[in-house]
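Engineer: Curious how this folds, go ahead:
(4 chains)
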Number of protein chains: 2
Amino acid sequence: MADGPTINTIAERAGVSIASVSRVLNGLPTRQETVRKVMAAADELGYVRNAVARSLKSRRTHQVAFAMADVGNPAYLAMLREIQPVLKAAGYRLVLHSTDAVVADEIDVLHSLGERYVDGLIMSPLRVTEAHLEMLAAARAPVVIIGSVPEGTRVDNVRADSRTGVRLAVDHLYSLGRRRIAMINGPLDTVPGAARGAAYREALADLGLAYDENLVQIGDFYRAEGGRAVAELLARVPDVDALMCANDLIALGALDVLRAAGKQVPEDVAVVGMDDTDLAAASWPSLTSVSLGSAERGKAAAELLLDRLQGGDREPRLVTVPPRLVVRASTAGSEAIAYERTDRKEGGA
Amino acid sequence: MADGPTINTIAERAGVSIASVSRVLNGLPTRQETVRKVMAAADELGYVRNAVARSLKSRRTHQVAFAMADVGNPAYLAMLREIQPVLKAAGYRLVLHSTDAVVADEIDVLHSLGERYVDGLIMSPLRVTEAHLEMLAAARAPVVIIGSVPEGTRVDNVRADSRTGVRLAVDHLYSLGRRRIAMINGPLDTVPGAARGAAYREALADLGLAYDENLVQIGDFYRAEGGRAVAELLARVPDVDALMCANDLIALGALDVLRAAGKQVPEDVAVVGMDDTDLAAASWPSLTSVSLGSAERGKAAAELLLDRLQGGDREPRLVTVPPRLVVRASTAGSEAIAYERTDRKEGGA
DNA sequence: CCCCACACGGTAAACGTTTACAGATTGCCT
DNA sequence: AGGCAATCTGTAAACGTTTACCGTGTGGGG
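Structural biologist: Alright, predicted model coming up:
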């Protein structure tokens, strides 16, 4: 691991100046003879350009950061999966930050933009605080936020539309003849929890169904908690005929508990999840789920950022990705569902 | 986004030299008065150290790359999940490369180490070619390989032990009284495919069971292909009583087809998957699976790399992570399985 | 045959740090 | 009071590039 060659080494060996070496390496107009000599020297020495020195001079790192709450979360993973190739194609490397949804960590990431180790940032905060907004306003590099941001915040923004998503699901359940549609939600002080709860209420109202507090159960966005919440609900409302779950994990928990309670899905109780993760297709019965377009959001965010990096100044944009209802066995019954191919690669190694 | 302050700006404002500024910022011994002035100036200006310039001078980027075949693959994801916090705790940023298992891309990543934009690399190639070995020998930064590497390759190496893993699974099936244990494998020209196929054969031999070609079916590492392979196998050997699947996706495909064929799992046919992905716990019946310790491998790799980055020279090390059999309903039956808590965070946003 | 235009290539400065070295200041001892 | 040690700080070089600027040499036109 001896010190690698620099343009100085090459210049010496080729008998030219470092300026010429640089010009050749950058494809600037140069005499054939010089090009040949430089190339030869570079090849022989196995020269590779030092990215750090380049960045220092050019003030561009060709790196972009993606900050998400949790590497393990399938929704973020779906974004990552789309962000990665878009950036790669444009010649950017991806720096990954996992903030564990800790606000201080997110602020830290925004602050670290000042270190200029990346050209831009895509961030998906669980909730946006005052501190976020301040840092955003002062950010030293372009930022794209995935998630909702207060009106008027001057930042590129990509949003899901969970309100419409919930409505799609509730309408679907209604159209299947269900009338006692419960909602199993996560904590109301999270952005998704609040939005999904409100949307549920609205959707019911629009369908002319009464809002019944007994049909709402708050747990947390995990499988076990989801199951527990459903158990409580069942004890209170044994004849519930549909569950609108605020995410897929909750829905999986619901399936566990319904199975244990001897309820048939979807005959007795139809179940809808949200986020359309890989788990939805894998479960049995497979889970009808509202896709909030994580993949599309990731892609849109990457494209917004690239545009900003290449384009320069323009007004901040807002992209809203429409949700999609993916109907599977947990509402439609297994015979209604064609064999679904949702493979993903997997090796081992 | 005006040009941020540099140590020059601070030096001017504080009325000291840039050397003093640098010393203060690095906590080197300095007079109290100077420290105060510099800190004050830095605060007022909202100064943040430029990481690129620092890296150029110090020849350390505090970045580490992780190169994997596919961001979507749960096995790599599990590694990533462990690698991330280990690096973060040590003050390193994570650069993510997705190579799509294309050899040229992997070589590229190794080559790009010469650009010195990272201090080290963790790589998990699907198969290791001659070209890999050459580049590894010439690599300009420390590398840790997750996966098997030829004897004598001078590189830190973390391995799974799929041979023992397969044996655990086959022994388990045998102990349940199964004697017609089939293997559904992926392509034999992949490293995992070959290893798992051979291990299956060995395990049978050790149990005194005859190796029967009819019980081996090659497909690919995907759900649909897995299902197809099982369908063929069933047509040929209707009374098969156990399936050893080379990964979880294949096993999910197997469950699909067995269900369609009216076979009870595990009563008629027991099924074992491999890799113990999230899907295994989510499926129904939940899937007994051999964990090859992706998480542990990721962690070990990160630690090896850090040790090398901090420690300096030492002999290359080999860490082998033992497999673990995670027994679930697809072999033990659902009543035998306690409620399993395998939550993972999930928000939405 | 001289001059000019032009193509090419070299010198040096710059990007923002860190750090070796030497100069300056302070304080203390004799 | 002078000198020396110890402490602090400033100057400048270095990290490896890119690039503005200018000097050199060539060829062609007058």
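
Engineer: List the residues that contact the closest residue to A:R23 other than its chain neighbours.
Structural biologist: Sequence neighbours aside, A:T30 is the residue nearest to A:R23 in space, at 5.2 Å (criterion: CB to CB, 6 or more residues apart in numbering or on different chains). For glycine as for every other residue, the C-beta is placed from the backbone atoms N, C-alpha and C. If you count contacts by CB atoms under 8 Å, 6 or more residues apart in numbering or on different chains, A:T30 has them with A:S20, A:R23, A:V24.

Engineer: in which helix or strand would I find A:T30?
Structural biologist: For A:T30, there is no host helix or strand (DSSP states H and E).

Engineer: What score does it have for pLDDT?
Structural biologist: On the pLDDT scale, A:T30 is placed at 91.

Engineer: quick one: it and A:G46, what's the gap?
Structural biologist: With the distance defined as CB to CB, to the nearest Å, A:T30 ends up 21 Å from A:G46.

Engineer: Any stretches of chain A with poor pLDDT?
Structural biologist: Low-confidence segments of chain A (pLDDT under 70): A:1-2, A:335-349.

Engineer: can you give me the strands in the stretch 201-349 of chain A?
Structural biologist: Under the criterion DSSP state E, counting those that start in this stretch, strands of the stretch 201-349 of chain A are mapped to A:216-218, A:242-245, A:270-274, A:288-291, A:318-321, A:324-326.

Engineer: buried stuff in the last one?
Structural biologist: Within strand A:324-326, the residues scored as buried using 16 or more other CB atoms under 10 Å in any protein chain shown are A:L325, A:V326.

Engineer: and the closest residue to A:A242 other than its chain neighbours, which of the three is it?
Structural biologist: Leaving aside its sequence neighbours, A:A242 sits nearest to A:R178 (CB to CB, 6+ apart; 3.8 Å). Look at A:R178: counting by DSSP: H, G, I helix; E, B strand; the rest coil, its state is coil.

Engineer: and the residue lying closest to A:T6 once chain neighbours are set aside, what is it in contact with?
Structural biologist: Computed as CB to CB, 6+ apart, the closest residue to A:T6 that is not its neighbour in sequence is A:N50, at 7.0 Å. By CB under 8 Å, 6+ apart, A:N50 lies in contact with A:G4, A:T6, B:E115, B:R116.

Engineer: Name the residue of the stretch 101-250 of chain A with the shortest distance to chain B.
Structural biologist: A:G114 (2.9 Å; CB to the nearest CB).

Engineer: Can you tell me the closest non-neighbouring residue to A:L234?
Structural biologist: Excluding the flanking residues, the one nearest A:L234 by CB to CB, 6+ apart is A:A261, at 6.0 Å.

Engineer: now that neighbour: how far from A:L233?
Structural biologist: A:A261 is 11 Å from A:L233, by CB to CB.

Engineer: In terms of packing, which of those two has more residues around it?
Structural biologist: Between A:A261 and A:L233, A:L233 has the larger neighbour count (other CB atoms under 10 Å in any protein chain shown), namely 22 against 14.

Engineer: Quick check: phi and psi on A:I145?
Structural biologist: When read as degrees, to the nearest 10, the backbone of A:I145 gives phi -100, psi 130.

Engineer: who's it bridged to?
Structural biologist: A:M123, A:N157 (DSSP bridges).

Engineer: Assess the claim that it and A:L126 are in contact.
Structural biologist: No - if you go by CB atoms under 8 Å, A:I145 and A:L126 don't touch, sitting 11.7 Å apart.

Engineer: Between those two, tell me which one has more neighbours.
Structural biologist: Counted by other CB under 10 Å, A:I145 and A:L126 do not tie: A:I145 has more neighbours, with 23 against 20.

Engineer: For B:L173, see how far away the more buried one is.
Structural biologist: A:I145 is 50 Å from B:L173, by CB to CB.

Engineer: Could you do A:R328 as well?
Structural biologist: Distance from A:R328 to B:L173, by CB to CB: 31 Å.

Engineer: cool, and A:P29?
Structural biologist: Distance from A:P29 to B:L173, by CB to CB: 70 Å.

Engineer: now do A:R36
Structural biologist: From A:R36 to B:L173 the distance is 66 Å (CB to CB).

Engineer: Same question for A:I184.
Structural biologist: 37 Å.

Engineer: A:A138 too?
Structural biologist: Plainly put, A:A138 is 61 Å away from B:L173 if you go by CB to CB.

Engineer: Looking at those two, which one has more neighbours?
Structural biologist: Ranked by neighbour count (other CB under 10 Å), A:A138 and B:L173 place B:L173 first, with 26 against 13.

Engineer: Quick check: the more buried one is in a helix.
Structural biologist: Yes - secondary structure of B:L173 (three-state DSSP): part of a helix.

Engineer: tally of neighbours for the closest residue to A:R228 other than its chain neighbours?
Structural biologist: The shortest distance from A:R228 to any non-neighbouring residue, by CB to CB, 6+ apart, is to A:G219 (6.0 Å). Other residues near A:G219 come to 24 when the count uses other CB under 10 Å.

Engineer: for A:D313, same thing?
Structural biologist: 6.

Engineer: residues from the stretch 1-150 of chain A in reach of DNA strand C?
Structural biologist: Proximity of the stretch 1-150 of chain A to DNA strand C (CB under 7 Å from any atom of the strand) is limited to residues A:15-20, A:23, A:29-31, A:33-34, A:53, A:56-57, A:59.

Engineer: can you rerun that using 10 Å?
Structural biologist: The stretch 1-150 of chain A comes close to DNA strand C at residues A:7, A:11, A:14-24, A:28-38, A:52-59, A:114-116, as judged by CB under 10 Å from any atom of the strand.

Engineer: Tell me where the stretch 51-200 of chain A has helices.
Structural biologist: Assigned by DSSP state H, counting those that start in this stretch, the stretch 51-200 of chain A shows helices spanning A:51-58, A:74-89, A:103-112, A:130-138, A:162-175, A:191-207.

Engineer: among these, which is nearest B:K88?
Structural biologist: helix A:103-112 (9.3 Å; CB to CB).

Engineer: how close does the residue nearest to A:R23 sit to A:N8?
Structural biologist: In this view, A:T30 and A:N8 are 18 Å apart by CB to CB.

Engineer: Could you do A:G273 as well?
Structural biologist: For A:G273, the distance to A:N8 (CB to CB) stands at 60 Å.

Engineer: Compare these two and say which is more crowded by neighbours.
Structural biologist: More neighbours surround A:G273 than the other of A:G273 and A:N8, with 31 against 11 (other CB under 10 Å).

Engineer: now stretch A:107-118, how far from the centre of its chain.
Structural biologist: Computed by CA atoms, centre = their mean, to the nearest Å, the separation of stretch A:107-118 from the middle of its chain amounts to 20 Å.
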